[in-house]
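[1] Below are the sequence and a predicted model; questions follow.
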Amino acid sequence: MNYEIESELDSYVDSHSSPEPDYLKRLTRESNLRLINGRMCSGHLQGRLLKMITMLCAPKLAVELGTFTGYSALCIAEGLPEGSRLVTIEADDELEDFILRQLNGSEHGKKVELRIGKALEICREFADESVDLMFIDADKREYPSYLDEAIRMLRPGGLIMADNTLWAGHVCDPAYENDPQTKGVRTFNDKAASLPGFDIVILPFRDGITLLRKKGNLKI
Ligand SMILES: C[S@@+](CC[C@H](N)C(=O)[O-])C[C@H]1O[C@@H](n2cnc3c(N)ncnc32)[C@H](O)[C@@H]1O
């Protein structure tokens, strides 16, 4: 496909998907203006996908590892049924005020509880099989350990979504064999692909999103 058609197709897909709410456009703009890593926000399509998957799962309790400025957290919150909640975990305490402002600026923010701290430490506070949906999007080096925790925390029928599992293609590039983040993502992918008791698919969308569903029925 030539470049012109490819970029036409991007706009076509954007304009034929549910629109990005204005409050998320403002969040992205503010993230880019105020922070050096503003591009870490999930974008329009990924956000709509997170909302869609959340609506399909109808979780009571969702957990996100890696909040950044709250874009994905608010998309998941948009998809949560009434009375359900999302706990989102962010290690960088300097982001706390920014995130809380974004949560307070959205009608969906009240469903979100922000926890500042290390994802692995906070995950250990959750009981076995207590979580219905997890979104993994924090430190790539720790992805294999996040997977272990997610497997433990997830209810039968629950879903794990993991972002950046193609890691800009580095997962297949021998030049990145010794890169710690690439190693983390590769180990995660290898481990996930051989997990008994789970259905798994990698969506080659954006930077790769893996969906892993624990077999069994979710009891709502
Ligand atoms: C890619 S960004 C998350 C983007 C966000 N989920 C979104 O889609 O808008 C990754 C975030 O994980 C945070 N992070 C890194 N290591 C972490 C850890 N060990 N525990 C919790 N958060 C961590 C980073 O500070 C960063 O804000």
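    Done, it's in. Source: prediction; values computed, not measured. Numbering: from 1, shown residues only.
[2] contacts and neighbour counts: CA atoms only from here.
    Noted.
[3] Pass me the low-pLDDT residue ranges in the chain, would you?
    Within the chain, the segments meeting pLDDT under 70 span 218-220.
[4] so where do the helices sit in it?
    According to DSSP state H, the chain carries its helices in the segments 3-15, 22-34, 44-57, 71-79, 96-104, 119-123, 143-153, 180-193.
[5] show me what contacts the residue most central in space within the chain?
    By CA atoms, centre = their mean, the chain has its centre lying nearest to Phe135, at 3.9 Å. Residues near Phe135 by CA atoms under 8 Å, 6 or more residues apart in numbering: 62-65, 160-163.
[6] Among the residues you listed, which are located in strands?
    Taking DSSP state E, the ones among the contacts of Phe135 that sit in strands are 62-65, 160-163.
[7] can those residues go into a markdown table with extra columns for neighbour count and distance to Asp139?
    Compiled in a markdown table, the ones in strands among the contacts of Phe135 are given as follows (neighbours: other CA atoms under 10 Å; distance: CA to CA, whole Å):
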| residue | neighbour count | distance to Asp139 |
| --- | --- | --- |
| Ala62 | 27 | 19 |
| Val63 | 26 | 15 |
| Glu64 | 25 | 12 |
| Leu65 | 25 | 9 |
| Ile160 | 24 | 16 |
| Met161 | 22 | 15 |
| Ala162 | 25 | 11 |
| Asp163 | 23 | 11 |
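[8] Run a quick neighbour tally on the residue lying closest to Cys123 once chain neighbours are set aside.
    In this structure, Cys123 finds its nearest non-sequential neighbour in Glu149, 6.8 Å apart by CA to CA, 6 or more residues apart in numbering. Glu149: 17 surrounding residues under other CA atoms under 10 Å.
[9] Isn't Glu149 up against Glu121?
    No: using CA atoms under 8 Å, Glu149 makes no contact with Glu121, being 10.1 Å away.
[10] what does this protein have sitting close to the ligand?
    Residues of the chain that fall close to the ligand, judged by CA under 6 Å from any ligand atom: 40-42, 65-68, 70-72, 89-92, 118-119, 137-139.
[11] buried subset of those residues?
    40-42, 65-68, 70-72, 89-91, 118-119, 137-139 (16 or more other CA atoms under 10 Å).
[12] Contact partners for His108?
    Neighbours of His108 in contact, by CA under 8 Å, 6+ apart: 74, 77-78.
[13] now, which of those residues sits nearest Glu129?
    Nearest to Glu129 out of the contacts of His108 is Ala77 (CA to CA; 20.8 Å).
[14] Looking at strand pairing, list the partners for Asp163.
    Ile209 (DSSP bridges).
[15] Quick check, Thr182 in contact with Ala175.
    No: using CA under 8 Å, Thr182 makes no contact with Ala175, being 10.2 Å away.
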